[in-house]
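> Sequence first, then the predicted structure, then my questions.
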There are 2 protein chains.
Amino acid sequence: MPRPRTTPPRTVDEHTGRVTALVAPLPVVALPLDDAAGAVLAAPLVARADVPPFANAAMDGYAVRADDVRAAAPGAPVTLRVVADVAAGVAPTGVVGPGEAARIMTGAPVPDGADAVVPVEDTSTGTFAHGPLDPAHVEIRVLHPVRPGRSHVRDRAEDVAAGSTLAAPGTVVTARLVALAASVGLTSLPVHRTPHVTVVSTGSELAAVPGPGQIPDSNSYLLAASARAAGAVVDRRGAVPDTADALAAALDAAASTADLVVTSGGVSAGALDVVRHLLTTHPAASDADVAAVGMQPGKPQVLARWRGVPVIAVPGNPVAAFVSSELFVRPAIDRLRGLPAAARATVTRAAGDSWTSPPGRLQVVPVVHDDAERVTPVRATSGGSGSHRASVLARADALALVPEDVTQVRPGDRVEVVLLD
Amino acid sequence: MPRPRTTPPRTVDEHTGRVTALVAPLPVVALPLDDAAGAVLAAPLVARADVPPFANAAMDGYAVRADDVRAAAPGAPVTLRVVADVAAGVAPTGVVGPGEAARIMTGAPVPDGADAVVPVEDTSTGTFAHGPLDPAHVEIRVLHPVRPGRSHVRDRAEDVAAGSTLAAPGTVVTARLVALAASVGLTSLPVHRTPHVTVVSTGSELAAVPGPGQIPDSNSYLLAASARAAGAVVDRRGAVPDTADALAAALDAAASTADLVVTSGGVSAGALDVVRHLLTTHPAASDADVAAVGMQPGKPQVLARWRGVPVIAVPGNPVAAFVSSELFVRPAIDRLRGLPAAARATVTRAAGDSWTSPPGRLQVVPVVHDDAERVTPVRATSGGSGSHRASVLARADALALVPEDVTQVRPGDRVEVVLLD
């Protein structure tokens, strides 16, 4: 059987472009505010109501007519008659006329006629006791005028006017944005639906409970938890053996529910690399894109659709699978969620050690920060190449990205790194 | 009625210590690997199995006896008889004797007798075609010796030996740690139970659907979504009116299910500050701690227990509520989750503007980064103090912490900030 045609080598950025072109932002749903945090706005957030919806007291005190207390001073207090007690949450009744005041609590609506609040500590009352208005206090003496520009009244719409646009599509909904939405009268937010991702790991050597010659499946956990951390709802399928029938059945099941399928393993040119074989030959597969990506690890990558559903097929080496997840699967999930395309978030660090990097390939190295915030490749716990080792990943706290034209990193060199959770 | 006794002013760090002393790490549960990411290890992660569990091929090729191919060269190939075809996932049968080889796939167990793998590209085969062993290939010619130290065999326990400790209690379970746990034979992880937090906002002026004089409840959304982001399962209760009976009923309901109750509003010395009143006088309340914390905003804080369940009562001003959530509620949730006490995660930024700060109080200012990564306080959209404005919070991307002894921040000054999600 002829080997499937391989496209020419491509850069990581080119392949990322192919990956994100494979998916599109998911449809818009109205999520209740309690469920909206973490989702991505699909439409502008527009205020439905004014904030505040009415003029209200910014402090506990007395609602007055500022003119009445213009000359107030400790030695020359102005006496006002208390005609009302306005609690928060009730509509005020009556009007504050000249020489009158209304006791008012923070947040309570300022009654008609009043245009300022005198804080309780600027009156003869001093402080309010706990409980409703004491009938003895039918008069108060105001000891200080209301200062110009400090009326202690929050005007209607002072913070937000109904109809204002408060956030743009593509904004991630934070706790603070949920609260703002609630305060402007919204009970749900228009966001992109949460992506559903199915993860399938392949390999006849993999098993949940390994028999002779088998090893535990760990890649499906790695890819599933990474996709969850990226904001997807994930269906983790157990490992599938390296047979076309078993994989086709798994992909059929996945395609019936998933927005994106991620597989690991079987993408090289090996005799049993069934993922690559199936995605390039099976009638249910389309748009197969077999790539040699200029990166280490993670060179063999396959993209395709299975019954129309996007499939990202990454290598089975755990480090390569994780690197592929960070560089390719995460941007795909971001796009499904409705996030605008963004440059990879990296920070710059000094190298704490020297290491070599292959020419012409982006080297992605699990590294760990030392006490001086320098990064050093995670060493395997014993001899041999660490590129396939699960323990290496768990001890890393970042991925260093060594560019294609760098073949030697020396201590102190500046290195771009992606911080891990 | 006498005002409840207020303890002397205390620092933010002192109050944080009181808050974390109010809670204790939750009991240990065994969470299936699929649900464990994000939880905190309650016991050391110890490998149950070796990784790899058996010696296996690191490349597709032929399992050989290294001695046989010591002299192999392209001009003087060594011919070996292929006696077996070892696929991944099957227990090898038979032995590789002198002059013999076994075709082997990456990950497949190295058969007895063999001690090295010759990659397929170092043999006359060149590459493997897709499919099982071609019966025509009963002999191969090896063109290169197996280099010392590059046997292409992953030895048993080379990465992890059964019994090794791989992570300490207090470690947050990442996707990579889940994968490592799977690879060392674990199916669940001992972690602290997820905290259940109930959020209650108080204020007769608050309503889900505001009537006259009422405003939408936004604090409960703010505190609930923040607690969820901190890793809690949250029960958000609608706003409770400022009456002792209503609040006591809400606290009773909360205490029956929650590990921690967070309330907003009603903690000042105002006439209707029912939270403070209830937590300091009701028989169901204990350990009441009414504090004036040296911070702006967020000075009035109350801690207590309600029927034994910890309660953190924060002010109702939205910015103060959020600041309190970040500085006090989050460390409490961290402790419930089993995280070790950690210094607040801050970064240093240059101020992009000048502003004043009160002496003797830690000022916590919602700020936004400019294009030069400098931070500037978020201005309210119109005049007046911004300290109570929901819109200010939503536009901030960090909280600047201005120390107690600083009264003036000038452009270019270094400022510690907490980055927001």
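Looks like it arrived, so ask away.

> Please state the offset of stretch A:242-251 from the chain centre?
Centroid separation between stretch A:242-251 and its chain, computed with Cα atoms, centre = their mean, to the nearest Å, is 34 Å.

> Show me the contact partners of it.
The contact list for stretch A:242-251 (Cβ atoms under 8 Å, 6 or more residues apart in numbering or on different chains) reads A:200, A:202-204, A:237, A:240, A:261, A:263, A:266, A:272, A:274-275, A:277-278, A:282, A:284, A:306-307, A:311, B:87-89. For the C-beta atoms, the positions are set from N, CA and C on the backbone; glycine is no exception.

> and these, which of them are in strands?
Members of those lying in strands (criterion: DSSP state E): A:200, A:202, A:237, A:240, A:261, A:263, A:306, A:311.

> Please indicate which of the contacts of stretch A:242-251 are buried?
The neighbour-count test (16 or more other Cβ atoms under 10 Å in any protein chain shown) marks A:200, A:202-204, A:237, A:240, A:261, A:263, A:266, A:272, A:274-275, A:277-278, A:282, A:284, A:306, A:311, B:87-89 as buried among those.

> Which positions in the helix or strand hosting residue A:249 come out as buried?
Applying DSSP states H and E as the criterion places residue A:249 in helix A:244-255. Counting neighbours by 16+ other Cβ under 10 Å, one finds that the buried residues in helix A:244-255 are A:246, A:247, A:248, A:250, A:251, A:254, A:255.

> Stretch A:175-184 now?
By 16+ other Cβ under 10 Å, the buried positions in stretch A:175-184 come out as A:175, A:176, A:177, A:178, A:179, A:180, A:181, A:182, A:183, A:184.

> Go back to these and keep what's next to chain B.
Checking these against chain B by Cβ under 8 Å from any Cβ of the partner chain, the ones in range are A:175, A:176, A:177, A:178, A:179, A:180, A:181, A:182, A:183, A:184.

> Look up how far residue A:51 lies from the fifth one.
Okay, so that is residue A:179. 11 Å (Cβ to Cβ, to the nearest Å).

> residues shared between the contacts of these two?
Common neighbours of residue A:179 and residue A:51 (Cβ under 8 Å, 6+ apart) are residue B:390.

> So residue A:119 sits against residue A:57, correct?
No: counting by Cβ atoms under 8 Å, residue A:119 sits too far from residue A:57 to count as a contact (9.4 Å).

> Among those two, which residue is more densely surrounded?
When residue A:119 is set against residue A:57 and neighbours are counted by other Cβ atoms under 10 Å in any protein chain shown, the residue ahead is residue A:57, at 27 against 16.

> OK, contacts around the more buried one?
Counting by Cβ under 8 Å, 6+ apart, residue A:57 touches A:63, A:86, A:104, A:105, A:106, A:107, A:108, A:110, A:117, A:152, A:153, A:154.

> CSV for those residues, including secondary structure, pLDDT and distance to chain B?
As requested, the contacts of residue A:57 are exported to CSV (DSSP: H, G, I helix; E, B strand; the rest coil; pLDDT from 0 to 100; distance: Cβ to the nearest Cβ, whole Å):
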residue, secondary structure, pLDDT, distance to chain B
A:63, strand, 95, 13
A:86, strand, 91, 8
A:104, strand, 92, 11
A:105, coil, 87, 6
A:106, coil, 84, 7
A:107, coil, 87, 5
A:108, coil, 92, 7
A:110, coil, 95, 11
A:117, strand, 96, 13
A:152, coil, 93, 10
A:153, strand, 94, 9
A:154, strand, 91, 7
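
> Closest one to residue B:297 out of those, please.
The shortest approach to residue B:297 among these belongs to residue A:106, at 13.2 Å (Cβ to Cβ).

> How many residues are close by the closest one?
Using other Cβ under 10 Å, residue A:106 has 24 other residues around it.

> go on, the one 4 residues further on?
By the criterion of other Cβ under 10 Å, residue A:110 has 27 neighbours.

> Same check on residue A:283?
Per other Cβ under 10 Å, the neighbour tally for residue A:283 reads 7.

> Need phi/psi at it.
Backbone torsions for residue A:283, taken as degrees, to the nearest 10, come to phi -60, psi -30.

> now do residue A:394
Dihedral angles phi and psi of residue A:394 (degrees, to the nearest 10) take the values phi -70, psi -30.

> now it: how far from residue B:33?
Counting by Cβ to Cβ - residue A:394 and residue B:33 are separated by 13 Å.

> quick one, which of the two is more surrounded?
Per other Cβ under 10 Å, whichever of residue A:394 and residue B:33 has more neighbours is residue A:394, with 27 against 22.

> That one touches residue B:173, doesn't it?
No: Residue A:394 is beyond contact range of residue B:173, at 10.0 Å (criterion: Cβ under 8 Å).

> any low-confidence regions in chain A?
Where chain A drops to pLDDT under 70, the residues are A:1-8, A:129-137, A:270-272, A:380-388.

> can you list the domains in it?
Domain assignment for chain A by automatic domain parsing gives A:12-26+A:194-337, A:28-51+A:169-192, A:56-154, A:347-419.

> Just put those domains in TSV and tack on distance to residue B:125.
Output for these, formatted as TSV (distance: least, Cβ to Cβ, whole Å):
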stretch	distance to residue B:125
domain A:12-26+A:194-337	10
domain A:28-51+A:169-192	50
domain A:56-154	81
domain A:347-419	23
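
> How many neighbouring residues does residue A:155 have?
Residues near residue A:155, counting by other Cβ under 10 Å: 16.

> Sounds good, over and out.
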